[in-house]
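Colleague: Whatever this is, show me its structure:
(2 chains)
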Protein chains: 2
Amino acid sequence: MRQSELFTKTRREAPKDEVAKNAQLLIRAGYVHKEMAGVYSYLPLGLRVLNNIIDIIRQEMNAIGGKELILTTLQKKEVWEKVNRWDDEVVDVWFKTRLKDSTELGLGFTHDEQLVNVLTEHIQSYKDLPVYVYQIQTKFRNELRSKSGIMRGREFLMKDLYSFNRTEEEQDAFYSKVMEAYMNVFKRCGIEDKTYVTFATGGTFSQFSHEFQTLSEEGEDTVYLDQKNNIAINEEVMSDEVLAELGVHKKDLVQKKSIEVGNIFKQGTKFTDPFGLYYQDERGESKSIYMGGYGIGVTRLMGTIVEVLSDEKGIVWPECVAPYTYHLLSLLPDDAESIAFANTLYADMEKRGMSVLYDDRAVRAGEKFADSDLIGIPWRVNVGKETASSGMVELVSRATGEVKKLSRDELLAR
Amino acid sequence: MRQSELFTKTRREAPKDEVAKNAQLLIRAGYVHKEMAGVYSYLPLGLRVLNNIIDIIRQEMNAIGGKELILTTLQKKEVWEKVNRWDDEVVDVWFKTRLKDSTELGLGFTHDEQLVNVLTEHIQSYKDLPVYVYQIQTKFRNELRSKSGIMRGREFLMKDLYSFNRTEEEQDAFYSKVMEAYMNVFKRCGIEDKTYVTFATGGTFSQFSHEFQTLSEEGEDTVYLDQKNNIAINEEVMSDEVLAELGVHKKDLVQKKSIEVGNIFKQGTKFTDPFGLYYQDERGESKSIYMGGYGIGVTRLMGTIVEVLSDEKGIVWPECVAPYTYHLLSLLPDDAESIAFANTLYADMEKRGMSVLYDDRAVRAGEKFADSDLIGIPWRVNVGKETASSGMVELVSRATGEVKKLSRDELLAR
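Modeller: Next up is the predicted model:
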């Protein structure tokens, strides 16, 4: 895309009320617009990044047999009363609203109950299981405070996957697969070396759940990390018994702040039994169904990437999620020959299917460099003083600053 | 996909409270789940159709220069007070909710105000215009009654495009482009021969707006149609003056029920002026910006396709939006040779990138035929009695019932 056609502008300062680094950078670079605390609109560049992250997640969920659907935001009271999660005293993040006839409705903060209710119409027999379904859907949580930018939204995008199995063994096998798929997601998003599978609070049906925690000073969570053994423990479950059980020694642990980018949870029959979601086995006997829930905060993941990989000049996107792979800069906006060279190069890059944002604006080079640093596209291509005569361009890595001289054809062959 | 892995089941009857044909069929075939009147979840087959429709719309919007973004559901009072659309007395379809600190919020029923507010931070100069932005986003409308299935949602998916132009002439040119793009959408969705550009109520800034009305007995609108001249007029603007102006004679008109699948509207400066969204022209003078709004009800369009193209046996999807192109039926679930043939054919079709749902379930042929008719995939491939020995399959058109005998290779070459 030509940058002259992109209506968003960069800005020097983020709004004064924005204290989170991720949102400050994303607003300044024109990726998002802050509507209110915890509520952000995604402008064209931001939506491109979000869609890249969604594609990665979708591929990994499909690869383990997930079937995608999409449930609704509006929620009925009756459904949520079944497991006693309707009352605002029990769940304090509900947004509630009303139909014209005064019927109270909720805005989904998660979808366990609703999904189980839907499945009662479709699952009857052992032949119908296992079922693995997921959605990439907007959640609403009425957070009292929301100061972490797009990392703690009142309105945010989440991927939620749910498993329904006949036996605990079958569930455990799937649980392990999800763990692997999640690490693939975080690897492809460029944050694997900072992201740890973390032991966290379980529940009635398992001793632990697992979180995926990305180390960051801006995180709201605290974990204890045994780097040697690649084990992390959420402070909420830290105790001498747990350490003994996991074979971890206190002296090997360091305390770190971190961001929870995902969590996986065995829910047992907590939701399935109350809804009467049973299956008939081979002998016609009615049996309980084991359920698991697996979340990734999609917008939070985008915020985490910004927190973890940015530098003092701006955002540094990994190639896989970047809005564009190349940022082509025409640096001599008064030189017809140079402009012609850049125009042709842009057209040729597009023709080859290269993903390129072309800064064709009539502004000075310094402004283009600063904007490019802020926007954080992985590879900058400079069309400068000698380019038109020599046919050579500069290729600059946003992450390392490394500069290479390349011919037009070498660039196009990448 | 193998149908044995698809957890949704077909059913003989829709829920008793569902009176709309589109939702009755979509529920019975397992495309959607009714949460409450006007609120539907989209199950895997339904989401596939929806995504196909979205892809068509997205392509057509991008082709006329639309830039995609996504705004939020949660809306601030201050923004909507600017043009006096916050009050429930003025806009009677608001869903309202509250933050913890009691601040009142609304759920977006449209996004004109919010978008204009966002753009005040990005548009200053004549160089920043024109701007064409769109989103494919969930809207919430607190309808008193909602009896038309997915055609009148309280929660529904909409594509809303907005244009911002320097002059009326520039706007008019874009308006015509949108009209053409919309007809492309309806053509690709298989309803072009029933869909008419219709003169409808304008406003302060133009005499008429235009609607895209699809003829259907189930429609909530009434239009007067001059088929000879390809002109339709919404009854809301019918008058002798309008007829004279459009050069239409009363005797050429027939009255028809219809579904409004899209509308386009010149909004003038109604929203831009109150928000102070002006631009500076070449001489530094501050000028007003002309805005247009262009909507397609995405879920309504899906419902309309079902209403208009279904028959007594079920849904009849056009190829472009169908969840799969081929429905492969293994009709002899007790015949190992026949099953092996179908398995291999399925694998080969998948390998060639053909879009196929494979009914590999161990149920009788009659049930498979009935389900296949109900689900409405365009091409059925029957693997029956003589297939394994002769190598020939039957290819049946869902729309016409036409049957062709084809060899395996002929099928794979399609």
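Colleague: show me the contacts for residue A:268.
Modeller: When contacts are counted by CB atoms under 8 Å, 6 or more residues apart in numbering or on different chains, residue A:268 touches A:203-206, A:290-291. Quick note: C-beta positions are derived from backbone N, CA and C, even for glycine.
Colleague: I'd like to know which elements the strand or helix carrying residue A:300 is packed against.
Modeller: Assessed by DSSP states H and E, residue A:300 sits inside helix A:298-309. Counting contacts by 3 or more CB pairs under 8 Å, 6 or more residues apart in numbering or on different chains; DSSP states H and E, helix A:298-309 packs against helix A:21-28, helix A:44-63, strand A:155-165, strand A:208-215, strand A:254-268.
Colleague: The helix or strand bottoming out on mean pLDDT in chain A: what's the following helix or strand?
Modeller: Within chain A, no helix or strand scores below helix A:387-390, which has a mean of 87 by mean pLDDT, DSSP states H and E. Downstream of helix A:387-390, the next assigned helix or strand under DSSP H and E is strand A:392-397.
Colleague: which parts of the next helix-or-strand element following that next one are buried?
Modeller: Next helix or strand after strand A:392-397 toward the C-terminus (DSSP H and E): strand A:403-407. Of the residues in strand A:403-407, residue A:406 count as buried by neighbour count, 16 or more other CB atoms under 10 Å in any protein chain shown.
Colleague: Which strands or helices does the helix or strand following strand A:403-407 pack on?
Modeller: Using DSSP H and E, the helix or strand that follows strand A:403-407 in sequence is helix A:408-413. The helices and strands touching helix A:408-413, judged by 3+ CB pairs under 8 Å, 6+ apart, are helix A:336-351, strand A:392-397.
Colleague: Low-confidence ranges, the stretch 251-400 of chain A, go.
Modeller: Counting by pLDDT under 70, the stretch 251-400 of chain A contains no low-confidence residues.
Colleague: picking that back up, filter the contacts of residue A:268 down to the buried ones, ChimeraX style.
Modeller: Written as a ChimeraX command, the selection of buried residues from the contacts of residue A:268, which uses 16+ other CB under 10 Å, is:
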select /A:205,206,290,291
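Colleague: Please flag which of the contacts of residue A:268 sit within strands.
Modeller: Using DSSP state E, the members of these that fall in strands are A:290-291.
Colleague: Whichever helix or strand comes after the helix holding residue A:300 pairs with which strands, and in what direction?
Modeller: Following helix A:298-309 in sequence order, the next helix or strand is strand A:326-330 (DSSP H and E). Its sheet considered, strand A:326-330 pairs with strand A:356-359 (parallel), strand A:379-383 (parallel) by DSSP bridges.
Colleague: TSV for those strands, including mean neighbour count and distance to residue A:33?
Modeller: Converted to TSV, the strands paired with strand A:326-330 look like this (neighbours: other CB atoms under 10 Å in any protein chain shown; distance: least, CB to CB, whole Å):
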stretch	mean neighbour count	distance to residue A:33
strand A:356-359	24	19
strand A:379-383	24	25
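Colleague: Which one of the residues in the stretch 151-300 of chain A is closest to chain B?
Modeller: Residue nearest to chain B within the stretch 151-300 of chain A (CB to the nearest CB): residue A:155, separated by 5.1 Å.
Colleague: quick one on the thing from earlier: next, the angle from the helix holding residue A:300 to strand A:155-165.
Modeller: Interaxial angle, helix A:298-309 versus strand A:155-165 (axes from the mean of the first three to the mean of the last three CA atoms, to 10 degrees): 110 degrees.
Colleague: How far off centre is helix A:298-309?
Modeller: Centre-to-centre, helix A:298-309 and its host chain are 7 Å apart (CA atoms, centre = their mean, to the nearest Å).
Colleague: between it and strand A:254-268, how many degrees?
Modeller: 160 degrees.
Colleague: still on that earlier bit, and the least confident helix or strand of chain A, what's buried?
Modeller: Residues of helix A:387-390 classed as buried: A:387-388 (neighbour count, 16+ other CB under 10 Å).
Colleague: Looking at the contacts of residue A:268, which one is closest to residue A:137?
Modeller: Taking CB to CB as the measure, residue A:137 lies nearest residue A:291 of these, at 18.0 Å.
Colleague: residues in contact with that closest one?
Modeller: Contacts for residue A:291 (CB under 8 Å, 6+ apart) come out as A:112, A:116, A:162-165, A:267-272.
Colleague: out of those, which is most surrounded?
Modeller: Counting by other CB atoms under 10 Å in any protein chain shown, residue A:163 has the largest number of neighbours within the contacts of residue A:291, with 28 neighbours.
Colleague: how about the nearest residue to that residue, chain neighbours excluded?
Modeller: Closest residue in space to residue A:163, ignoring its immediate chain neighbours: residue A:292 at 4.1 Å, by CB to CB, 6 or more residues apart in numbering or on different chains.
Colleague: can you give me the strands for the stretch 1-150 of chain A?
Modeller: Along the stretch 1-150 of chain A, the segments classed as strands by DSSP state E, counting those that start in this stretch run A:32-36, A:39-42, A:67-68, A:74-76, A:95-98, A:104-107, A:131-140.
Colleague: Format those as a markdown table; extra columns: mean pLDDT, distance to chain B and mean neighbour count.
Modeller: Formatted as a markdown table, the strands of the stretch 1-150 of chain A follow (pLDDT from 0 to 100; distance: least, CB to the nearest CB, whole Å; neighbours: other CB atoms under 10 Å in any protein chain shown):
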| stretch | mean pLDDT | distance to chain B | mean neighbour count |
| --- | --- | --- | --- |
| strand A:32-36 | 97 | 5 | 23 |
| strand A:39-42 | 98 | 5 | 24 |
| strand A:67-68 | 98 | 5 | 20 |
| strand A:74-76 | 98 | 5 | 23 |
| strand A:95-98 | 98 | 5 | 19 |
| strand A:104-107 | 98 | 7 | 21 |
| strand A:131-140 | 98 | 5 | 22 |
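Colleague: would JSON lines of the ones you listed with distance to residue A:235 be doable?
Modeller: JSON lines is the format used below for the strands of the stretch 1-150 of chain A (distance: least, CB to CB, whole Å):
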{"stretch": "strand A:32-36", "distance to residue A:235": "31"}
{"stretch": "strand A:39-42", "distance to residue A:235": "29"}
{"stretch": "strand A:67-68", "distance to residue A:235": "35"}
{"stretch": "strand A:74-76", "distance to residue A:235": "32"}
{"stretch": "strand A:95-98", "distance to residue A:235": "29"}
{"stretch": "strand A:104-107", "distance to residue A:235": "31"}
{"stretch": "strand A:131-140", "distance to residue A:235": "25"}
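Colleague: for those, which one sits closest to residue B:222?
Modeller: strand A:74-76 (30.0 Å).
Colleague: Show me what the closest one is packed against.
Modeller: In terms of contact count using 3+ CB pairs under 8 Å, 6+ apart, strand A:74-76 is assigned the packing partners strand A:104-107, strand B:32-36.
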